[in-house]
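[1] below: sequence and its predicted model.
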Amino acid sequence: MPPGDGERSCSTLTATRTRRLLSIQPAADGGGSETALLRMLAALRAEGWECHVAVPHPARLAAEYAAAGATLHVVPMRRITTQGSTLAWAASYLAAWPFTVAALTRLARRLRPDVVHSNSLHSWYGWAVARLVRRPHVWHAREIVVQSGAALGLERALTRRCADLVVAISGAVAAQLDRPDVRVVLDGPAPGEFGPDRAGAFRAAAGIDDEVPLVGSAARLDSWKGFGVLLDALPLIRAERPEVQLVVAGPVVGGKEDLAGELARRARDLGGVHWLGPRREMPELMADLDVFWRLRLRRRPRPERSRRLLLRGTP
């Protein structure tokens, strides 16, 4: 019997149904969770999976999704945020939640996925969609939740009761959750993607001398990423190492354009700061850094502590 729709032929005599994934991705602005998702989709495609991804708006990485063999579906979804009034946000999120779940459920019923995958702890739709279409739900925990104790409490309860499998990207992420059976699966780069052999290309393109101490950070521009603390610490570092330069790369989180503009203005005023915006050449950039800086804020640390930490790693 020849294969029908949604099937692939293994021989002229047999047909097997293609396994299908629907991943619900709550942000589409090119952050780390999407980069990791793209690697996963490419690996699944190589194993014969048909992959579909629901995103809240047209994706910045649409070309990369296509290269990974994934089909994108735009379904408006509210972002979980602590910006502004919590009560106003909660009211609007709860009012829109059933309509978003209904739209995702219609998509799932049309696609008939074998697995519904939530690609973030902050994606609160997938569990309901999976229950409505009676499919297994895999919840991918990619964040250490520091912004809201209430959000973490809800996510602990949902992952405990509403996921067939919870996958965490590290032991620290898994330790936040209340399930003893969380599987830790590390996100690793492709062989040869990162390495010292890539050193020199970024500095040459940016006009940065090889002898200049270079501190860098790469992440989406959001309030809790701590870029303001990094800019606070830079004058204190230069009091001891005046030649230090700084590189910041990353896209702007939707709704945080004013914050990103203010950070960029401060960077221009400081001088010696390369404010790059979204970039693709992360292996080359990383190979040319002397210090990689990353901070996730529970509370605002003192710039003096940031200075000490940075100087400890600066050659």
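    Arrived safely, thanks for sending.
[2] check which helix or strand residue 117 maps to.
    Assessed by DSSP states H and E, residue 117 sits inside strand 115-118.
[3] where does the stretch 201-315 of the chain dip in pLDDT?
    295-315 (pLDDT under 70).
[4] pull the number of nearby residues for residue 193.
    Residue crowding around residue 193 was assessed by other Cβ atoms under 10 Å; the count is 11. To be clear about C-beta, it is placed using only N, CA and C from the backbone, and glycine gets the same treatment.
[5] which SS state does it fall under?
    For residue 193, the assignment made with DSSP: H, G, I helix; E, B strand; the rest coil gives coil.
[6] quick one: residues contacting it.
    residue 283 (Cβ atoms under 8 Å, 6 or more residues apart in numbering).
[7] one more time with 10 Å, if that's ok
    39, 282-283 (Cβ atoms under 10 Å, 6 or more residues apart in numbering).
[8] now, which of these sits nearest residue 105?
    Ranked by distance to residue 105 (Cβ to Cβ), the contacts of residue 193 are led by residue 39 at 27.6 Å.
[9] so how far is residue 227 from the nearest residue to the closest one once chain neighbours are set aside?
    Leaving aside its chain neighbours, residue 39 sits nearest to residue 187 (6.8 Å; criterion: Cβ to Cβ, 6 or more residues apart in numbering). Distance, residue 187 to residue 227, using Cβ to Cβ, to the nearest Å: 23 Å.
[10] ditto for residue 109
    For residue 109, the distance to residue 227 - Cβ to Cβ - is 42 Å.
[11] the two: which has the busier surroundings?
    More crowded of residue 109 and residue 227, by other Cβ under 10 Å: residue 227, with 24 against 12.
[12] dump the residue contacts of the nearest residue in space to that one that is not next to it in sequence.
    Once flanking residues are discounted, residue 227 sits nearest to residue 263: 5.4 Å by Cβ to Cβ, 6+ apart. Residue 263 sits next to 221, 223, 225, 227-228, 230-231, 248, 252, 256, 273, 275 when contact means Cβ under 10 Å, 6+ apart.
[13] out of those, the closest to residue 288 would be?
    The closest of the contacts of residue 263, once distances to residue 288 are taken by Cβ to Cβ, is residue 248, at 14.0 Å.
[14] counting contacts, what elements does the helix or strand containing the closest one pack onto?
    Taking DSSP H and E as the definition, residue 248 sits inside strand 245-249. Strand 245-249 is packed against helix 201-206, strand 214-218, helix 227-238, helix 257-270, strand 273-277, helix 282-287, with contacts defined by 3 or more Cβ pairs under 10 Å, 6 or more residues apart in numbering; DSSP states H and E.
[15] ok, now with 7 Å
    strand 214-218, strand 273-277 (3 or more Cβ pairs under 7 Å, 6 or more residues apart in numbering; DSSP states H and E).
[16] return the member of the contacts of residue 263 nearest to residue 139.
    Proximity of the contacts of residue 263 to residue 139 was ranked by Cβ to Cβ; the top entry is residue 225 with 23.4 Å.
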